[in-house]
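Colleague: one predicted model, sequence on top.
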Amino acid sequence: MFCVPLTYTRPMFRSSLLTYRRLALSPSRAVRPFASSSVRKMPVSDPNAPNASGLPANETKNLKERSPEAHEEKILQAVKELYSSKPTNGTYEIYTPDAVFHDPIGIAEGVKAIREQFNGLAKLFPRADIPSFRLLENPPSVPKSKILIDQDVSYYRDPSASSPTKTVNSLLTLETNAQHQVTRHTEEWGHHRETTGEDGFLGMLNENRKKFTANFTGLFVSEEPPTQKKD
């Protein structure tokens with residue numbers, strides 16, 4: 001059980017949280033807060049396990065690139081704004097109010113929590129470049145309502161640095177409804193499957209840890225995008 005001494009102050013909480021986020025994207029390794037080593041290895045323990053697309057990583061990595069449809073343009077633009085640390089209030093209009101965001105760091109439930117996650121990321125990494133962004137073809141087994149994206153994101157702690165702190169390849173699986181809004185946004189590093197509560201006891205523990213991390217972030221991160229705050 002994670003216990004917090006009553007003497008901790010709000011700045012100390014914030015510093016601790018940012019440290020977890022920074023370490024998770026450090027050049028050396030990905031660190032998962034509040035998790036045992038066995039839980040940390042779960043997403044990549046079976047390389048053939050299907051990721052959020054319903055396909056194994058080796059298949060999604062080899063999907064061909066395609067051109068976007070008209071209704072996808074707004075979603076793709078918003079995704080690029082999120083991952084380049086440039087979200088605006090309009091960026092989050094692609095989500096339904098009860099949308100879910102799931103990545104190796106946390107699970108954010110509801111658009112308010114999603115805003116807090118990406119606004120926090122923009123504060124932690126004020127510069128992020130996207131050297132590769134590929135919209136992928138859906139094989140017959142993947143419904144058209146799922147948008148698949150393969151991307152590389154280079155994160156910079158120092159915006160003026162000549163090289164990134166960390167470059168992360170990931171698969172984005174965006175599940176959409178009939179109104180072309182995103183209901184679920186899953187980010188899987190290296191295309192490897194993330195665990196959920198359906199994966200037995202350890203999966204349940206890992207999912208609840210991620211929800212705790214996301215809720216913890218929300219305590220200290222404003223809903224207002226950094227790019228729209230006034231000095």
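Modeller: Nice, I can see it.
Colleague: wait, a helix at Gln179?
Modeller: No: membership of Gln179 in a helix is not supported by DSSP: H, G, I helix; E, B strand; the rest coil, which gives coil.
Colleague: so what's Gln151 up against?
Modeller: By C-beta atoms under 8 Å, 6 or more residues apart in numbering, the contact set of Gln151 is Tyr83, Ile130, Ser132, Phe133, Arg134, Asn169, Ser170, Leu172. Where you see a C-beta, it was placed from the backbone N, CA and C, and this is true even at glycine.
Colleague: and stretch 109-122, what's buried?
Modeller: For stretch 109-122, the neighbour count (16 or more other C-beta atoms under 10 Å) marks Gly110, Val111, Ala113, Ile114, Arg115, Glu116, Gln117, Phe118, Asn119, Gly120, Leu121, Ala122 as buried.
Colleague: find the nearest non-adjacent residue to the second one, please.
Modeller: By that I understand Val111. Leaving aside its sequence neighbours, Val111 sits nearest to Tyr95 (C-beta to C-beta, 6 or more residues apart in numbering; 4.5 Å).
Colleague: the nearest residue to Pro164 once chain neighbours are set aside: helix or strand, and which one exactly?
Modeller: In space, and not counting its chain neighbours, Pro164 is closest to Ser154: 3.7 Å by C-beta to C-beta, 6+ apart. Per DSSP states H and E: Ser154 is located in strand 146-156.
Colleague: let me see the mean pLDDT of that strand.
Modeller: Per-residue pLDDT over strand 146-156 has a mean of 97.
Colleague: got the buried residues for that strand?
Modeller: Quick answer for strand 146-156 (16+ other C-beta under 10 Å): Lys146, Ile147, Leu148, Ile149, Asp150, Gln151, Val153, Ser154, Tyr155, Tyr156.
Colleague: where exactly do the helices run in this structure?
Modeller: Counting by DSSP state H, the chain has helices at residues 10-24, 37-40, 57-60, 73-83, 111-124, 200-218.
Colleague: returning to that earlier point: isn't the residue nearest to Val111 right next to Lys112, touching?
Modeller: No: using C-beta atoms under 8 Å as the test, Tyr95 is too far from Lys112 to be in contact (9.9 Å).
Colleague: who does Thr173 bridge with?
Modeller: As for beta bridges, Thr173 partners with Leu148, Thr186 under DSSP bridges.
Colleague: how much space separates it from Tyr156?
Modeller: According to C-beta to C-beta, to the nearest Å, Thr173 and Tyr156 sit 26 Å apart.
Colleague: any idea which of the helices of the chain has the lowest pLDDT on average?
Modeller: Ranked by mean pLDDT, those end with helix 37-40 at the bottom, a mean of 34.
Colleague: in contact with Leu148, which residues?
Modeller: Shown in contact with Leu148 (C-beta under 8 Å, 6+ apart): Ser53, Thr60, Leu63, Leu135, Leu136, Asn138, Val142, Leu171, Leu172, Thr173, Leu174.
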